[in-house]
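Asks: dropping the sequence and predicted coords here.
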Number of protein chains: 2
Amino acid sequence: MVSKFANRVKNLAPAAVYEILKATTEGKAIPFSAGNPGFEAIPHEKIANVAAKILAENPNTALQYGMTEGFAPLRGKITEFLQKNLNISAEKNRLLVTHGATQAIELCAKAFCNEGDVVITENPSFVGTLATFSSYGINVAGVEMEHDGMNLDKLQEEFDKHEKVSFVYVIPDFHNPTGWTTSLEKRKRLYEMCLAKGTLILEDDPYGMLRYDGEKIPTLKSMDTEGIVLYVGSFSKLISPGLRVGFLLANDIYMDKITAAKQVSDVYTAMINQMIINRFMEDYGLEAHINEICGIYREKLQVALDSLDEHLGDYISYVKPEGGLYVYCKLPEHIDSIEFFKAGIEAGVAVVYGSAFSVDPDEKSQYFRINFSSPSIEQLKRGIEILGEVMRKF
Amino acid sequence: MVSKFANRVKNLAPAAVYEILKATTEGKAIPFSAGNPGFEAIPHEKIANVAAKILAENPNTALQYGMTEGFAPLRGKITEFLQKNLNISAEKNRLLVTHGATQAIELCAKAFCNEGDVVITENPSFVGTLATFSSYGINVAGVEMEHDGMNLDKLQEEFDKHEKVSFVYVIPDFHNPTGWTTSLEKRKRLYEMCLAKGTLILEDDPYGMLRYDGEKIPTLKSMDTEGIVLYVGSFSKLISPGLRVGFLLANDIYMDKITAAKQVSDVYTAMINQMIINRFMEDYGLEAHINEICGIYREKLQVALDSLDEHLGDYISYVKPEGGLYVYCKLPEHIDSIEFFKAGIEAGVAVVYGSAFSVDPDEKSQYFRINFSSPSIEQLKRGIEILGEVMRKF
């Protein structure tokens, strides 16, 4: 007498890699596996400060019901920030505050995709998003990710294959898991191709402001004269993941429906959390804080790369990331990345094997991903040294 | 060149009544319309206190990523609370912390219902839940709500009509919008009927602990020897809606899937918010706080009833609620409840007309709903006096 689950969740399960990591590493392994900000990059004293002010000065707004769209002053500040730093115009667009960027992506899946509809993603891509799409019975087509972005000839092949593509999901800046950045040329061509196909673009940009080197490349949303880009941002990597504040900025014509979808999902994002982000931006300035954490992560990235060169230089190759949180390392052909992952766990270092991010999880991957924001400088040095020892045993 | 929305959201729009109320009443009308706790019932100083302690003592847990299941100490405390106060056993059950109760209900809809599947609800019912079901293309069958709960003969008729019913959604205690409470006899029979039919029960219990009079009636979940009840609770009415912390307690066999559905939706509920509830329970005790707010609401309810008797006694009838947040008033037959609502708004008092809660929104309703928790004592007296003046004009 067990009621049946809905078809859409039949294949839904916690991501295998997370389960392995949870079981094997809790507090025990050096954490190169997650996408957490470093603890020293989370402004906890400033957050405590603004939280105290909000609860003293404005407790009723912070602790009562709020509007689905989000806390109006925060919506205004984010809109200004996007205009100033990313040249994203608020004109014809509307902003919705979400409970983390994942919710923004889920709302797009729910609002735009029937079961069986096609969505195209870079391959590999963020495992969380792939699972979100799967939970709506979406048919995900992966297109090979290259050092300068998605292979656009293969994207065209997919366009030719499918009459309707609901949207193309991309992480143009410091892509997860690869850390690679889509070139300006490819961004322009991708935009034109999607416009011609009549397909939306879901641009996921959690890392774009975390650039440590090189020149900023315009976001797809900043080129979006025709209103086809759904732009997702987050404060999880910039301020704190524990607050769960993200946002979606998209063309006005889509936002009534997406806002209604948010309303039936969780009514609104926790008010106090939105007010903490808002007051933080007001009192301390987001740009100043981002400058500060970019300094921290620039140093960590350099330590990671120096250690990789020293201990693994003879075995692996990587494209130096100019920002973000990850280095994606290519193993020699005779080494299986899952075997390498397991040996790492046994030696006390948790990386993530590449196939965890594959659209087809049975696909082989020659890569592993290292996160350099979460571990300490000491952990980075020691952990990569251990990975070198692990490597030499293969 | 506009991408099409998914079929499931085609009819989705912000609830009409909320839009009317937003447009007409912001700060202007006496608010008998929402389901907000009274400001004096939100323990804002205590919340400020525990928030400060958490951010001073444990900022890394509060501001980093968390597990999808929820903050373990909070899960433990809720489980204990349910055992002690509601005789709900944790055995064979598992608890998931959600971003408000609405998310718990959405996850059940997503996990158990294909598009076109049948769900049965009381009619009228909570408008938010009806919209959530609609957003998954669920076919909602309403069963007449009576003073002692759903008409079970009509429930049987619906069971006979539909081969499969995904679940029956009920608010047994101090039902929204009616404030009516399902009798023990009907609870027992409902449980047996669902068991016989092979149908789950989704028990929504945001108000159960807010009893001001009479004897507590056992929850359906406390009778659930067979594991068919999905139990939803919330801290929105008990502590603060702005924190967005709710929960789902259900049989182990369902929870892997539902937890995975939560993971792809927003990964986890904001950590700091969960820790605030947890520490509040630890430092101040939830039972003591609930006693305190029951005192506040008992008085407000009495004021509301006295004022209704004085100013509207010749026109309306109601069943005196023993708890919760609402009084449901029946108008004389010659008065249209939407006309009465509109006249109220014009006179500066916002009630909600009954058909806003109907499964079929075109259905006529002879009722209007008054919320007595949110307005002040003065507003209750003055607002109901105004409603009396409005009534006499009809």
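Replies: Cool, got the structure. Numbering: from 1, shown residues only, chains lettered A, B, ... in the order given.
Asks: tell me, what's the model's pLDDT at A:Ala23?
Replies: Predicted confidence (pLDDT) at A:Ala23: the value is 62.
Asks: quick one: low-confidence ranges for the stretch 51-200 of chain A?
Replies: Nowhere does the stretch 51-200 of chain A drop to pLDDT under 70.
Asks: which stretches of it form strands?
Replies: All strands of the stretch 51-200 of chain A, identified by DSSP state E, counting those that start in this stretch, fall at A:93-98, A:118-123, A:139-146, A:149-150, A:165-170, A:200-204.
Asks: the third one - contacts with which helices or strands?
Replies: This points to strand A:139-146. Under the contact criterion of 3 or more C-beta pairs under 8 Å, 6 or more residues apart in numbering or on different chains; DSSP states H and E, strand A:139-146 touches strand A:118-123, helix A:127-134, helix A:152-161. Where you see a C-beta, it was placed from the backbone N, CA and C, and this is true even at glycine.
Asks: do the last one and chain B meet?
Replies: Pointing back at helix A:152-161 there. No: if you take C-beta under 8 Å from any C-beta of the partner chain as the test, helix A:152-161 misses chain B, and the best it gets is 13.8 Å.
Asks: what does that helix contact?
Replies: Here helix A:152-161 makes contact (C-beta atoms under 8 Å, 6 or more residues apart in numbering or on different chains) with A:118, A:120, A:141, A:143-144, A:165, A:168, A:186, A:189-190, A:193, A:197, A:199.
Asks: circling back: and of the strands of the stretch 51-200 of chain A, who's closest to A:Leu248?
Replies: Of all the strands of the stretch 51-200 of chain A, it is strand A:93-98 that lies closest to A:Leu248, at 4.9 Å by C-beta to C-beta.
Asks: that closest one packs against which elements?
Replies: Looks like strand A:93-98 contacts helix A:72-86, helix A:101-112, strand A:246-251, helix A:252-266 (3+ C-beta pairs under 8 Å, 6+ apart).
Asks: how about it: buried residues?
Replies: Neighbour-count burial for strand A:93-98 flags A:Asn93, A:Arg94, A:Leu95, A:Leu96, A:Val97, A:Thr98 (criterion: 16 or more other C-beta atoms under 10 Å in any protein chain shown).
Asks: try stretch A:162-172
Replies: Of the residues in stretch A:162-172, those buried (16+ other C-beta under 10 Å) are A:His162, A:Val165, A:Ser166, A:Phe167, A:Val168, A:Tyr169, A:Val170, A:Ile171, A:Pro172.
Asks: tally of neighbours for the closest residue to the first one other than its chain neighbours?
Replies: Counting by C-beta to C-beta, 6 or more residues apart in numbering or on different chains, A:His162 lies nearest to A:Val118, which is 4.5 Å off, once chain neighbours are set aside. Using other C-beta atoms under 10 Å in any protein chain shown as the criterion, A:Val118 is surrounded by 20 other residues.
Asks: from chain B, how far out is A:Val118?
Replies: To chain B, A:Val118 is 12 Å away according to C-beta to the nearest C-beta, to the nearest Å.
Asks: biggest helix in chain A by residues?
Replies: helix A:286-312 (DSSP state H).
Asks: buried set for that helix?
Replies: Using 16+ other C-beta under 10 Å as the test for burial, helix A:286-312 gives A:286, A:289-290, A:293-294, A:296-297, A:300-305, A:307-308, A:311-312.
Asks: up against chain B, what does the stretch 101-250 of chain A have?
Replies: So the stretch 101-250 of chain A meets chain B at A:102-103, A:106, A:110-115, A:117, A:128, A:131-132, A:134-135, A:166-167, A:195, A:198-200, A:226, A:228, A:240-244 (C-beta under 8 Å from any C-beta).
Asks: can you select the buried ones among these for me in PyMOL?
Replies: In PyMOL, a selection of the buried entries from these looks like this (16+ other C-beta under 10 Å):
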select buried, chain A and resi 102+103+106+110+111+112+113+114+115+117+128+131+132+134+135+166+167+199+200+228+240+241+242+243+244
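Asks: which of the contacts of helix A:152-161 sits closest to chain B?
Replies: A:Thr199 (6.8 Å; C-beta to the nearest C-beta).
Asks: is A:Leu249 in a bridge, and if so with what?
Replies: For A:Leu249, the beta-bridge partners under DSSP bridges are A:Leu95, A:Tyr231.
Asks: what sits against it?
Replies: Taking C-beta under 8 Å, 6+ apart as the test, what A:Leu249 contacts is A:78-79, A:82, A:88, A:90, A:93-96, A:221, A:230-231, A:233.
Asks: tell me how far the nearest residue to A:Phe81 once chain neighbours are set aside lies from chain B.
Replies: Nearest residue to A:Phe81, sequence neighbours excluded (C-beta to C-beta, 6+ apart): A:Leu286, at 6.0 Å. Using C-beta to the nearest C-beta, A:Leu286 is found at 16 Å from chain B.
Asks: wait, A:Leu286 sits on A:Phe280?
Replies: Yes: using C-beta atoms under 8 Å, A:Leu286 makes contact with A:Phe280 at a distance of 7.4 Å.
Asks: give me the common contacts of those two.
Replies: Shared contacts of A:Leu286 and A:Phe280, defined by C-beta under 8 Å, 6+ apart, are found at A:Ile239.
Asks: would a markdown table of the strands of the stretch 51-200 of chain A with distance to A:Glu157 be doable?
Replies: Below are these laid out as a markdown table (distance: least, C-beta to C-beta, whole Å):
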| stretch | distance to A:Glu157 |
| --- | --- |
| strand A:93-98 | 31 |
| strand A:118-123 | 11 |
| strand A:139-146 | 8 |
| strand A:149-150 | 12 |
| strand A:165-170 | 12 |
| strand A:200-204 | 18 |
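Asks: so which of those is nearest B:Asn60?
Replies: Once the strands of the stretch 51-200 of chain A are compared by C-beta to C-beta, strand A:93-98 is nearest, at 23.8 Å.
Asks: export that closest one as PDB, just CAs?
Replies: Extracted as PDB, the C-alpha positions of strand A:93-98 are listed here (Å, rounded to 0.1, in the frame of the first residue of the first chain):
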ATOM      1  CA  ASN A  93      14.000  43.500 -17.100                       C
ATOM      2  CA  ARG A  94      12.700  42.600 -13.600                       C
ATOM      3  CA  LEU A  95      14.500  41.100 -10.700                       C
ATOM      4  CA  LEU A  96      13.300  38.300  -8.400                       C
ATOM      5  CA  VAL A  97      15.100  37.400  -5.100                       C
ATOM      6  CA  THR A  98      15.300  33.700  -4.700                       C
END
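Asks: and the closest residue to A:Met255 other than its chain neighbours, how far from A:Glu69?
Replies: Once flanking residues are discounted, A:Met255 sits nearest to A:Arg94: 4.1 Å by C-beta to C-beta, 6+ apart. Distance, A:Arg94 to A:Glu69, by C-beta to C-beta, to the nearest Å: 8 Å.
Asks: does stretch A:352-370 reach chain B?
Replies: No: shown here: stretch A:352-370 not in contact with chain B (C-beta under 8 Å from any C-beta), separated by at least 14.6 Å.
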